[in-house]
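J.: Model the following, please.
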Amino acid sequence: MEDYIVRATAANGQIRAFAVTSRNLVETAKNHHNTSPVMTAALGRLLSGAVMMGVMMKGEKDLLTIQIQCSGPAKGLTVTADSKGTVKGYPQTADVILPPNGQGKLDVGVALGLGVMSVIKDIGMKEPYVGQIELKTGEIAEDLTYYFASSEQIPSSVGLGVLMNKDNTVKRAGGFILQLLPFTDEETIGRLEERIANLTSITALLEKGDTPELLLKEVLGDILFEVTDRIEAKFQCNCSKERIGKSLATISKKDLDEMIADGQGIEVTCHFCNTNYKFNTEELKEIRN
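T.: Numbering: from 1, shown residues only. Okay, the predicted model is just below:
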């Protein structure tokens, strides 16, 4: 089944809800970056959260970037999503190997350690909006929950999960974001808080229901919801040799001259998808001119 996001309202419009199943896009990211299981989980969680946050934006050209800089062996993660369900991202360190945590699960929190999460929204203003928080747990879902509360003042609950097979392929991936609107009544808040408090792990929920609709049903229980939109979700990088060439044209002519004099050409790798682009000496001369 293809990955997709649902946008929904619940409790007669008092709750805004998003859910995604993202196994294919996380598997694609894993294959691009050859990530270890714990780094597939870390990157997959962040990609899943970002792709839902991306479709919260209104403009066709709006872009959301989430950067994590951290003290753990992962060192950091960067993902970028647009408003149309497309996301891309990369880890600073792809091959972190760690023992499971106390619950026998992939230890994303230890992989990240202490650090900072920055959420950058480019929505066509003169300057992008930047919200920044300290990582609270490094588990990513809890950190995004804290981000929404502190930087956007929106009471939210975020759940994200990646379940791996023993052969290092992705078995399940996805997540949800629930947000209370300002007029939510106390009874609805109480019912939702009780549901969230009694949830099993997000990967267990994904095992029960592998569509966003079933995931929301598991999370919300008897709180009724209505799906208002379905959007395809995919890992896609917009790099190309032409775009890389334009980037090379911005470096100094002195540096380009040195590359040309070397006579070996150069190879440039895209961070987001690990695609290699080779430029021979003649192509460098064209860029230089």
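
J.: CA atoms for contacts and neighbours, from now on please.
T.: Fine.

J.: tell me the secondary structure for the residue nearest in space to the middle of the chain?
T.: When C-alpha atoms, centre = their mean is applied to the chain, the residue found nearest the centroid is Leu47 (2.0 Å). Recorded secondary structure, Leu47: helix (DSSP: H, G, I helix; E, B strand; the rest coil).

J.: from what I can see it touches Gly85, true?
T.: No: counting by C-alpha atoms under 8 Å, Leu47 sits too far from Gly85 to count as a contact (10.7 Å).

J.: ok, and the closest non-adjacent residue to Glu27?
T.: Val170 (5.7 Å; C-alpha to C-alpha, 6 or more residues apart in numbering).

J.: dump the residue contacts of the one you found.
T.: Arg23, Asn24, Val26, Glu27, Val162, Leu163, Met164 (C-alpha atoms under 8 Å, 6 or more residues apart in numbering).

J.: Can you give me the pLDDT of the residue nearest to the centre of the chain?
T.: The per-residue pLDDT reported for Leu47 equals 98.

J.: quick one on the thing from earlier: how near is the residue nearest to Glu27 to Val38?
T.: 11 Å (C-alpha to C-alpha, to the nearest Å).

J.: and what of Ala8?
T.: For Ala8 relative to Val38 (C-alpha to C-alpha), the value is 31 Å.

J.: Compare these two (neighbour count), which wins?
T.: Val38 (27 against 20; other C-alpha atoms under 10 Å).

J.: Can I take it that the more buried one is in a strand?
T.: No: applying three-state DSSP, one finds Val38 to be helix, outside a strand.

J.: list the contacts for it?
T.: Val96, Ile97, Leu98, Leu106, Asp107, Val108, Ala111.

J.: Mind doing that once more with 7 Å?
T.: Val38 is in contact with Val96, Ile97, Leu106, Asp107, Val108, counting by C-alpha atoms under 7 Å, 6 or more residues apart in numbering.

J.: Closest one to Met53 out of the residues you listed, please.
T.: Minimum distance to Met53 across these is 20.7 Å, recorded for Val108 (C-alpha to C-alpha).

J.: Could you point out the helix or strand that follows the top strand by length along the chain?
T.: Of all segments of type strand in the chain, defined using DSSP state E, the longest is strand 170-180. Next along the chain after strand 170-180, taking DSSP states H and E as the criterion, comes helix 186-197.

J.: How far off centre is that next one?
T.: The chain centroid and the centroid of helix 186-197 are separated by 27 Å, computed with C-alpha atoms, centre = their mean, to the nearest Å.

J.: and the next helix or strand after that helix, what does it pack onto?
T.: Proceeding N to C from helix 186-197, the next assigned helix or strand is helix 202-208, under DSSP H and E. In terms of contacts (3 or more C-alpha pairs under 7 Å, 6 or more residues apart in numbering; DSSP states H and E), helix 202-208 is packed against strand 156-164, helix 212-220.
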